[in-house]
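Provided below for reference: sequence and predicted model.
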Amino acid sequence: MSTGTSPPPQANAGAPVIELIGLSMRFRQQQVLRDIDLTIHRGETVAVIGESGCGKTVMLKLMIALLKPTVGTVRFDGRDMATLAEHELSMTRLRFGFLFQMAALFDSLTIFDNVAFGPREHNLYDQATLERVVFERLQEVGLPAGLEQKKPAELSGGQRKRVGMARALALNPEVMLYDEPTTGLDPIMSDVINELILQTQRTKKTTGVVVTHDMKTVTKVADRVVMLYPLTRLEPDEPQMIYDGPPDGLDEHPDPRVRQFVRGEAGERLKELNTRRHK
Amino acid sequence: MAVASPPGPASASPSGLSPVHRLGEQAFDVVAEVGEAAYFSALTIGWMFRKLPRWSVMVPSLYSIGVSSVPVVAITGTFIGMVLAVQAHSQFALMGLATRLGSVINISLVKELGPVLAATMLAGRVGSAMSAELGTMRVTEQIDALSALGTNPIHYLVVPRFLACFLLIPLLTLMADFMGVIGGAVVSTQLLMVDSYAYWQHSREYVGSADLFAGVFKSFFFGAAIALISCQRGFNSRAGAEGVGQAATEAFVYSFIAILFLDFVIGIAWNGVYYALWPSSQTLL
């Protein structure tokens, strides 16, 4: 079992694929991430957990350079993302697949056009191959035929997430980034999404980073778990990453903050709530 | 790539700042906003020259900005002409100059009111819609999704809208002018009983192609300003319904101010150039 600053040695770990080095992020007066060091190895699936507002999604967006860090370096495959030219950055992003929290499907396009978007923009296939790839991806995520011509607004939350996943997989990414993939879904659909993450990991040999609050997702899909803690609750010299280790080490971890999160116990938060009410 | 703001003093909270500090921060914000808008405009124009959008991406923008705006612009133009005729007629008739009505209506229409009011109407109809659409795409992470799929959002979302506004707003202005001329003529000659021959004769003598061109020339700038301001506000929309609503409102207000400012500046410049080239061209009604 390990904590904070020293990541555990990975059994069968591949080469480092994503490296966050001394990463800090601040939006105006609000600091969200502080001095994060994290290495993700090829082939592993890392779950990032932590309370809302602790910077999990920001960390995910920093990995694909959708945000630029205030301090620190993000390396992908050994290359500093900040030094990449516009075209190189676009090409590098094609090696990632990103499943957004609310799927982020393009409202104005049909489901077919959403899934075809990446390959079409980059002229990867001819029309016949493109159609085949789109239907294959939709089939892989278990969507029935006949949905292709619908608009995203006509789909349920679970279907939208699956289309989002098909869209991300259409580019055959090496790394899949999942931002709260099961949030807002019923338990059965959550399990379907978890299975799809596992299936993607097995069949496409992708590296995965899953930001989630859902402990079922963590235990089911993750090889390794990283837990972030909100900076507003930390002392200036405390590390923000309070856990970095295997999923089975979470329950018995000596840090009460980790156990409390895993078990979903409010603990002293209830006391804080009561104190504020009295004030 | 979105850029985080530079680090500030960690301990400073907005409520604890002195008035001078707050004023300084606000001034800094204004400078940063202007800089950001300039950078956004430069990126848009840069992308336009690097790679034109695909036709399939252009068509929806051309349709929503151009074709869908035809009715509202036509109505605006017609009523401007009709109202000008009604308002100017009594004064001109008192002086026995009713037959000169065509000159004043048509010169006002093609040089000023047609371009400015058509652009204002389009800032409200097209600018707010573009800003709200892009703002919604920002808050629902669709703009991030574009970047994640290796597509530049400015090239994909802004350049088609910019080109559509830049190319079609002058055409819509021409249509507003035409409808205004017809509206003014119908009211003057059919309702106010101004002699039709004299009305058109005076119009022809006073309004030249240079006047028409002056109005259309301005509308290229109005179109560019509406597109850049509206898209920039949408791209920088804050989260939530309130943020998107504010972006749409700002898009209209800033576009309107830009239209008035550009109209003034281009008007001065145009007159300077025109009368320097043709000093004897000033004529009386």
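Okay, I see it. Computed from a predicted model, the values in this text were never measured in an experiment.

So what touches stretch A:139-159?
A:103, A:105-112, A:114, A:134-135, A:138, A:160, A:162-163, A:165-166, A:169, A:184-186, A:189, A:192-193, A:196, A:199 (C-beta atoms under 8 Å, 6 or more residues apart in numbering or on different chains). (Glycine included, C-beta is placed from N, CA and C.)

mind checking the SS state of B:Leu171?
Three-state assignment for B:Leu171 (DSSP: H, G, I helix; E, B strand; the rest coil): helix.

pretty sure it is in contact with B:Ile65, am I right?
No: between B:Leu171 and B:Ile65 there is no contact under C-beta atoms under 8 Å: 10.6 Å.

Give me the more crowded residue out of these two.
Higher neighbour count among B:Leu171 and B:Ile65: B:Ile65, with 28 against 16, using other C-beta atoms under 10 Å in any protein chain shown.

Count the neighbours of the nearest residue to the more buried one once chain neighbours are set aside for me.
Nearest residue to B:Ile65, sequence neighbours excluded (C-beta to C-beta, 6 or more residues apart in numbering or on different chains): B:Ala164, at 4.2 Å. By the measure other C-beta under 10 Å, the count of residues near B:Ala164 is 24.

Could I get the full set of strands for chain B?
For chain B, the strands defined by DSSP state E occupy B:2-3.

lowest average confidence, helix or strand, in chain B?
strand B:2-3 (a mean of 41; mean pLDDT, DSSP states H and E).

okay but B:Ser255 is in contact with B:Ala227, surely?
No: under the criterion of C-beta under 8 Å, B:Ser255 is not in contact with B:Ala227, lying 9.1 Å apart.

anything in contact with each of these two?
B:Gly127.

Any chance of a ChimeraX selection covering the buried ones in the contacts of stretch A:139-159?
Buried residues among these (16 or more other C-beta atoms under 10 Å in any protein chain shown), as a ChimeraX selection:
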select /A:103,105,106,110,111,112,114,134,135,138,160,162,163,165,166,169,185,189,192,193,196
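
Intersect the contacts of stretch A:139-159 with the contacts of chain B.
With the criterion set as C-beta under 8 Å from any C-beta of the partner chain, the members of the contacts of stretch A:139-159 near chain B are A:Leu105, A:Phe106, A:Asp107, A:Ser108.

mind listing the helices for chain B?
All helices of chain B, identified by DSSP state H, fall at B:19-50, B:55-65, B:70-94, B:101-108, B:114-122, B:128-139, B:142-148, B:153, B:159-186, B:196-206, B:209-235, B:240-277.

so which of those helices is the most packed in?
The highest mean neighbour count among the helices of chain B, using mean count of other C-beta atoms under 10 Å in any protein chain shown, belongs to helix B:114-122: a mean of 26.

So which bits of the stretch 151-285 of chain B are right by chain A?
By C-beta under 8 Å from any C-beta, the residues of the stretch 151-285 of chain B that approach chain A are B:Thr151, B:Asn152, B:Tyr156.

Okay, the closest residue in space to the last one that isn't next to it in sequence and B:Ala129: tell me how far apart.
Spatial nearest neighbour of B:Tyr156, chain neighbours left out: B:Leu146 (5.8 Å); criterion: C-beta to C-beta, 6+ apart. Distance of B:Leu146 to B:Ala129, computed by C-beta to C-beta, to the nearest Å: 19 Å.

now B:Val216
Counting by C-beta to C-beta - B:Val216 and B:Ala129 are separated by 24 Å.

and what of B:Gln142?
B:Gln142 is 16 Å from B:Ala129, by C-beta to C-beta.

same thing with B:Ala85?
Applying C-beta to C-beta to B:Ala85 and B:Ala129 gives a distance of 32 Å.

do A:Glu148 as well
From A:Glu148 across to B:Ala129, the span is 28 Å (C-beta to C-beta).

Which strand or helix spans A:Arg26?
strand A:16-27 (DSSP states H and E).

A:Leu138 too?
helix A:127-140.

mind listing what's buried in that helix?
Under 16+ other C-beta under 10 Å, the buried positions of helix A:127-140 are A:Leu130, A:Val133, A:Val134, A:Phe135, A:Arg137, A:Leu138, A:Glu140.

On the pLDDT front, check the residue nearest to the third one when sequence neighbours are not counted for me.
Translated: A:Val134. Among residues not flanking A:Val134 along the chain, A:Val115 sits closest, at 4.6 Å (C-beta to C-beta, 6+ apart). Among the per-residue scores, A:Val115 shows a pLDDT of 96.

where do the strands sit along the stretch 51-200 of chain A?
A:67-68, A:71-76, A:79-80, A:96-99, A:175-179 (DSSP state E, counting those that start in this stretch).

Pull out the buried residues from the second one.
By neighbour count, with 16+ other C-beta under 10 Å as the criterion, the buried positions of strand A:71-76 are A:Gly72, A:Val74, A:Arg75, A:Phe76.

Please name every helix or strand in contact with it.
Applying 3 or more C-beta pairs under 8 Å, 6 or more residues apart in numbering or on different chains; DSSP states H and E, one finds that strand A:71-76 makes contact with strand A:16-27, helix A:56-63.

now do 10 Å
strand A:16-27, strand A:30-41, helix A:56-63, helix A:86-93 (3 or more C-beta pairs under 10 Å, 6 or more residues apart in numbering or on different chains; DSSP states H and E).

Give me whichever of these is most buried.
By mean count of other C-beta under 10 Å, the helices and strands packed on strand A:71-76 have helix A:56-63 as the most buried, with a mean of 24.

Check whether that one comes near chain B.
Yes: judged by C-beta under 10 Å from any C-beta of the partner chain, helix A:56-63 comes into contact with chain B at A:Thr57, A:Val58, A:Lys61, A:Leu62.

Name the nearest of those residues relative to chain B.
For the residues of helix A:56-63 next to chain B, the closest approach to chain B (C-beta to the nearest C-beta) belongs to A:Lys61, at 7.0 Å.

hmm, who's touching the helix or strand bottoming out on mean pLDDT in chain A?
When each helix and strand of chain A is scored by mean pLDDT, DSSP H and E, helix A:268-278 comes last, with a mean of 70. The contact list for helix A:268-278, computed with C-beta atoms under 10 Å, 6 or more residues apart in numbering or on different chains, reads A:Glu51, A:Arg233, A:Pro256, A:Arg257, A:Gln260, A:Ala266.

Run through the residues that contact the second one.
If I follow you right, that is A:Arg233. A:Glu51, A:Cys54, A:Arg257, A:Arg269.

check contacts around the first one.
Residues counted as contacts of A:Glu51 (C-beta under 10 Å, 6+ apart) are A:His213, A:Met227, A:Leu228, A:Tyr229, A:Pro230, A:Arg233, A:Arg257, A:Phe261, A:Arg269.

can you give me the helices in the stretch 151-279 of chain A?
Applying DSSP state H, counting those that start in this stretch to the stretch 151-279 of chain A gives helices spanning A:157-169, A:187-204, A:215-221, A:256-263, A:268-278.

Just put these in TSV and tack on distance to B:Thr99.
Listed next are those as TSV, based on distance: least, C-beta to C-beta, whole Å:
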stretch	distance to B:Thr99
helix A:157-169	66
helix A:187-204	76
helix A:215-221	82
helix A:256-263	85
helix A:268-278	79
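
Next, the contact list for the nearest residue to B:Val57 once chain neighbours are set aside, please.
Excluding its sequence neighbours, the residue lying closest to B:Val57 (C-beta to C-beta, 6+ apart) is B:Pro160, at 5.3 Å. Taking C-beta under 10 Å, 6+ apart, we find B:Pro160 in contact with B:48, B:52-55, B:57-62, B:65, B:227.

do A:Arg120 as well
Applying C-beta under 10 Å, 6+ apart, the residues near A:Arg120 are A:Asp113, A:Gln127, A:Leu130, A:Val134, A:Ala170, B:Arg54, B:Ser56, B:Leu149, B:Thr151.

wait, which of the contacts of B:Pro160 is closest to B:Gly180?
B:Ile65 (20.7 Å; C-beta to C-beta).

How much space separates the closest one from B:Arg233?
16 Å.

I'd assumed B:Gly124 was in contact with B:Met130.
No: applying C-beta atoms under 10 Å, one finds B:Met130 not in contact with B:Gly124, separated by 11.4 Å.
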